[in-house]
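[1] Any chance you could fold what I've pasted below:
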Amino acid sequence: MVRSHHLTAKRMSIQSDQSVKQVLITGASGYVGGRLLHRLESRSDLHIRCLARRPESVHPNDPSRVEVVRGDLLEPESLDAALSGVDTAYFLVHALGSNRSFEKVERQSAVNFAAAAKRQGLKRVIYLGGLGHGDDLSSHLSTRHEVGQILTTNGVPTIELRASIILGSGSLSFELLRALTEKLPIMITPKWLKSLAQPIAIEDVLEYLIAALDRPFDRSRVFEIGGPDQVSYKGLIVEYAAQRSLRRWYVAAPVLSPYLSSLWLGLVTPVYARVGRKLIESLRNDTIVLDPSALQEFPIRPMDCKRAIARALLNEDREFAETRWSDSESSARSPQRWGGRRFGSRIVDSRSAHVNLPPAQAFAPIARIGGRRGWYYANALWRLRGIADLLVGGVGMRRGRRHPELIRNGDAIDFWRVESFKPNRLLRLSAEMRVPGRAWRQFEVTPEDDGRSIITQTAIFDPHGLWGLMYWYALYPLHGIIFTGMLREIVRAAESAAKAHG
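    The predicted structure is shown next:
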């Protein structure tokens with residue numbers, strides 16, 4: 001069902017232009033689909049259409065170039081309109097987070113989609129499946145293979161890309177790896193952690209998905225894709241810990257089965273319990289590339305495991321993540337919010353307040369923060385924090401600030417450093433006090449249409465292992481009082497200054 005009549009007219013116009021290929025993406029609200037959408041929408045030779053149960057969950061960079069169709073793979077009557085005129089469709093949905101039997105949901109979704117694709121005369125289907133071999137596959141991997149078979153036998157040429165662990169900022173595999181390594185200084189390592197995988201970076205997965213759209217395949221093919229390294233999950237943990245400078249101890253436990261391990265996972269990483277449990281059960285299977293034909297058919301040479309992890313961490317430093325697995329409808333659970341919301345390794349606590357002032361006046365007290373003026377609330381506690389920092393070898397509060405009102409990038413403000421400054425809009429400070437992790441404080445002013453402004457104060461903390469987490473949560477009740485008081489007093493100072501100037 002198309003959202004509006006003008007989209008139907010637009011669709012007819014595109015169909016008349018033979019130089020434009022029409023591509024449908026299912027799963028565009030998910031981790032892989034969302035990133036693929038952003039890659040493809042920049043191409044002028046493609047018209048992109050997305051199928052989603054909730055169209056508002058799809059976030060293209062340029063909405064004017066992307067058509068979003070409401071539909072559900074479990075509702076066959078909604079699929080014909082979505083697939084009408086489409087040349088190639090990406091099948092990227094996954095039902096791991098479903099409350100129902102995910103095997104039945106995935107099979108029925110594939111059956112419905114395959115039938116609609118055949119009725120509408122699609123030229124190609126591209127499917128991202130799971131890598132694995134043998135008869136003793138987990139239910140997760142066997143269902144992934146069964147979905148591929150359903151799509152392959154529907155009469156429409158299907159390119160199935162089978163991948164092992166996908167490494168990238170925000171991917172479920174990477175989030176599980178992070179959660180285990182960050183939270184557990186002493187790790188139980190059951191025998192199944194020695195099973196071999198062939199991880200692949202998300203960037204390389206996207207390259208394969210795009211190449212499968214353009215290469216001239218006239219029949220169904222299955223390609224096994226992976227990076228150059230064959231590594232155990234324990235090897236991934238060791239590499240992640242090394243790149244995060246975390247010291248970890250490993251205790252062998254050969255009798256711990258994947259099922260028991262999945263229950264233990266639910267205790268230490270409850271946010272990922274439902275989905276992660278099914279993936280953990282798959283780790284008993286080796287997921288390595290036995291058929292190298294992908295390297296022969298595609299001009300892609302995937303990066304190694306070490307670089308893939310490094311890039312995932314680097315991408316999080318550039319931006320928290322382009323899309324996250326937890327944004328996908330298949331994840332079915334939102335991250336826990338107590339103590340701040342989690343974004344990758346970071347914890348974010350953000351508070352906002354409206355003020356009846358234009359941005360310049362709302363931002364004025366923010367530009368004067370720190371130094372002799374102080375931090376607007378609980379200054380005695382800020383000074384005590386500075387003394388404690390000095391005692392452990394930190395810079396303390398003695399530096400003050402260069403100028404009482406003027407700010408430039410790189411300035412020191414007490415035990416903070418100005419990382420980004422945009423007049424009347426943004427002040428982001430990175431912490432230089434001693435903390436078990438990395439910390440930022442950000443102030444942002446956003447104009448509203450009625451002339452008012454929104455002041456947003458955000459605390460960001462990237463904890464260093466378990467001690468960092470304990471530090472954040474131990475101080476969170478106090479931080480909550482201070483952060484709330486600071487925002488209230490900043491608003492009050494801006495309003496008082498405006499009244500004083502008439």
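[2] and the closest residue to R144 other than its chain neighbours, bridged to which residues?
    Nearest non-adjacent residue to R144, counting by CB to CB, 6 or more residues apart in numbering: G130, 3.6 Å away. Any C-beta I mention is one placed from the backbone N, CA and C, and that applies to glycine too. Bridge pairing for G130 (DSSP bridges) gives the partners A163.
[3] how close does G130 get to I165?
    Noted for G130: a distance of 10 Å to I165, by CB to CB, to the nearest Å.
[4] And those two? Which one has more around it.
    Each of G130 and I165 has its neighbours counted (other CB atoms under 10 Å); I165 has more, 26 against 22.
[5] how close does that one get to A312?
    12 Å.
[6] Export stretch 231-242 to CSV, keeping only CA atoms.
    Extracted in CSV, the C-alpha atoms of stretch 231-242 (Å, rounded to 0.1, in the frame of the first residue of the first chain):
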residue,chain,number,x,y,z
VAL,A,231,39.5,-17.0,14.3
SER,A,232,37.6,-18.3,17.4
TYR,A,233,35.2,-16.2,19.3
LYS,A,234,37.7,-16.2,22.2
GLY,A,235,40.2,-14.8,19.7
LEU,A,236,37.8,-12.0,18.9
ILE,A,237,37.4,-11.3,22.6
VAL,A,238,41.2,-11.2,23.1
GLU,A,239,41.6,-8.8,20.1
TYR,A,240,38.8,-6.5,21.3
ALA,A,241,40.3,-6.4,24.8
ALA,A,242,43.7,-5.6,23.4
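[7] Report the buried residues of that stretch.
    231-241 (16 or more other CB atoms under 10 Å).
[8] Going by distance to H94, which of the residues you listed wins?
    Proximity of the buried residues of stretch 231-242 to H94 (CB to CB) peaks at Y233, which lies at 19.9 Å.
[9] my guess is P55 contacts V68, does it?
    Yes. In this structure, P55 is within contact of V68 by CB atoms under 8 Å, at 4.3 Å.
[10] who has more neighbours, the two?
    Remark: of P55 and V68, V68 carries more neighbours, 25 against 17, as counted by other CB under 10 Å.
[11] beta partners for that one?
    C50.
[12] Identify the residues contacting it.
    Going by CB atoms under 8 Å, 6 or more residues apart in numbering, V68 touches 3, 49-50, 52, 55, 58, 60.
[13] please redo it, this time with the cut-off set to 6 Å
    V68 makes contacts with 50, 55, 58, as judged by CB atoms under 6 Å, 6 or more residues apart in numbering.
[14] swap in A294?
    Residues in contact with A294 (CB under 6 Å, 6+ apart) are 223, 225.
[15] does it sit in a helix, a strand or a coil?
    When classified by DSSP: H, G, I helix; E, B strand; the rest coil, A294 comes out as helix.
[16] Equivalent analysis for P365, please.
    helix.
[17] before we move on, what about L137?
    Counting by three-state DSSP, the backbone at L137 sits in coil.
[18] how far away is it from E106?
    Using CB to CB, L137 is found at 14 Å from E106.
[19] ranges for the helices of the stretch 301-450 of the chain?
    When secondary structure is read from DSSP state H, counting those that start in this stretch, the stretch 301-450 of the chain shows helices at 305-318, 359-367, 379-391.
[20] Where does pLDDT dip in the chain?
    Scanning the chain for pLDDT under 70 picks out 1-18, 95-100, 254-281, 317-344, 502.
[21] Pop the domain breakdown of it in here.
    Structural domains annotated on the chain: 5-331, 341-500, as defined by automatic domain parsing.
[22] now the longest helix along the chain: how far from the chain's centre is it?
    What stands out as the longest helix in the chain, according to DSSP state H, is helix 465-500. Here helix 465-500 is found 27 Å from its chain centre; the criterion is CA atoms, centre = their mean, to the nearest Å.
[23] And it, what does it pack against?
    Packing contacts for helix 465-500, counted by 3 or more CB pairs under 6 Å, 6 or more residues apart in numbering; DSSP states H and E, involve strand 346-355, helix 359-367, strand 453-463.
[24] In JSON lines, list these along with mean neighbour count.
    Shown next, in JSON lines, are these (neighbours: other CB atoms under 10 Å):
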{"stretch": "strand 346-355", "mean neighbour count": "17"}
{"stretch": "helix 359-367", "mean neighbour count": "20"}
{"stretch": "strand 453-463", "mean neighbour count": "20"}
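[25] got CSV for those, with distance to W440 too?
    As requested, these are exported to CSV (distance: least, CB to CB, whole Å):
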stretch, distance to W440
strand 346-355, 9
helix 359-367, 15
strand 453-463, 4
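[26] and A116, which of those is closest to it?
    strand 346-355 (40.8 Å).
[27] Neighbouring strands of the closest one in the sheet, and parallel or not?
    Strand pairing for strand 346-355, determined by DSSP bridges: strand 341-343 (antiparallel), strand 453-463 (antiparallel).
[28] Would you mind writing the CA trace of the longest one as CSV?
    Spelled out, it's strand 453-463. Written as CSV, here are the backbone C-alpha positions of strand 453-463 (Å, rounded to 0.1, in the frame of the first residue of the first chain):
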residue,chain,number,x,y,z
SER,A,453,14.9,27.9,22.2
ILE,A,454,15.7,24.5,23.6
ILE,A,455,18.8,24.1,25.8
THR,A,456,20.1,20.5,25.8
GLN,A,457,22.7,19.4,28.3
THR,A,458,24.3,16.0,27.6
ALA,A,459,26.8,13.9,29.7
ILE,A,460,28.6,11.2,27.7
PHE,A,461,30.8,8.6,29.3
ASP,A,462,32.8,5.8,27.6
PRO,A,463,33.6,3.5,30.5
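[29] any idea how far that strand is from the chain center?
    Relative to where its chain is centred, strand 453-463 has its mean C-alpha point 19 Å off (CA atoms, centre = their mean).
[30] what sits up against it?
    345-355, 357, 359, 362, 437-447, 469, 472, 487.
[31] likewise stretch 282-291?
    For stretch 282-291, contacts defined as CB under 6 Å, 6+ apart pick out 131-132, 137-138, 140-141, 164, 192, 195-198, 224, 226, 230, 233, 258.
[32] Filter those residues down to the buried ones, ChimeraX style.
    Burial among the contacts of stretch 282-291 is assessed by 16+ other CB under 10 Å; the matching ChimeraX selection reads:
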select :131,132,137,138,140,141,164,192,195,197,198,224,226,230,233,258
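[33] Mind checking which of the contacts of stretch 282-291 are in strands?
    Counting by DSSP state E, the contacts of stretch 282-291 place 196-197, 224 in strands.
[34] And I407, how far from S64?
    Per CB to CB, I407 is found 37 Å from S64.
[35] cool, and G485?
    From G485 to S64 the distance is 44 Å (CB to CB).
[36] Equivalent analysis for F174, please.
    Shown here: F174 relative to S64, a distance of 32 Å by CB to CB.
[37] Look at those two and report which has more neighbours.
    Between F174 and S64, counted using other CB under 10 Å, the more crowded position is F174 (27 against 8).
[38] name the helices or strands packed onto the helix or strand hosting that one?
    Assigned by DSSP states H and E, F174 falls within helix 172-183. Of the remaining helices and strands, those touching helix 172-183 by 3+ CB pairs under 6 Å, 6+ apart are helix 233-243.
[39] Beyond the helix it packs on, next helix or strand please.
    Following helix 233-243 in sequence order, the next helix or strand is strand 249-252 (DSSP H and E).
[40] quick one: contacts of that next one?
    With CB under 6 Å, 6+ apart, strand 249-252 has contacts from 186-189.
[41] for stretch 417-432, same thing?
    When contacts are defined by CB under 6 Å, 6+ apart, stretch 417-432 is touched by residues 359-360, 363, 366, 395, 407, 409, 411, 415-416, 439-445.
[42] So which of the residues you listed belong to strands?
    Assigned to strands by DSSP E, the following of those qualify: 416, 439-445.
[43] These into JSON lines, with extra columns for distance to I300 and neighbour count?
    Below are those laid out as JSON lines (distance: CB to CB, whole Å; neighbours: other CB atoms under 10 Å):
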{"residue": "W416", "distance to I300": "43", "neighbour count": "24"}
{"residue": "A439", "distance to I300": "39", "neighbour count": "22"}
{"residue": "W440", "distance to I300": "36", "neighbour count": "19"}
{"residue": "R441", "distance to I300": "42", "neighbour count": "21"}
{"residue": "Q442", "distance to I300": "38", "neighbour count": "18"}
{"residue": "F443", "distance to I300": "43", "neighbour count": "21"}
{"residue": "E444", "distance to I300": "40", "neighbour count": "19"}
{"residue": "V445", "distance to I300": "45", "neighbour count": "24"}
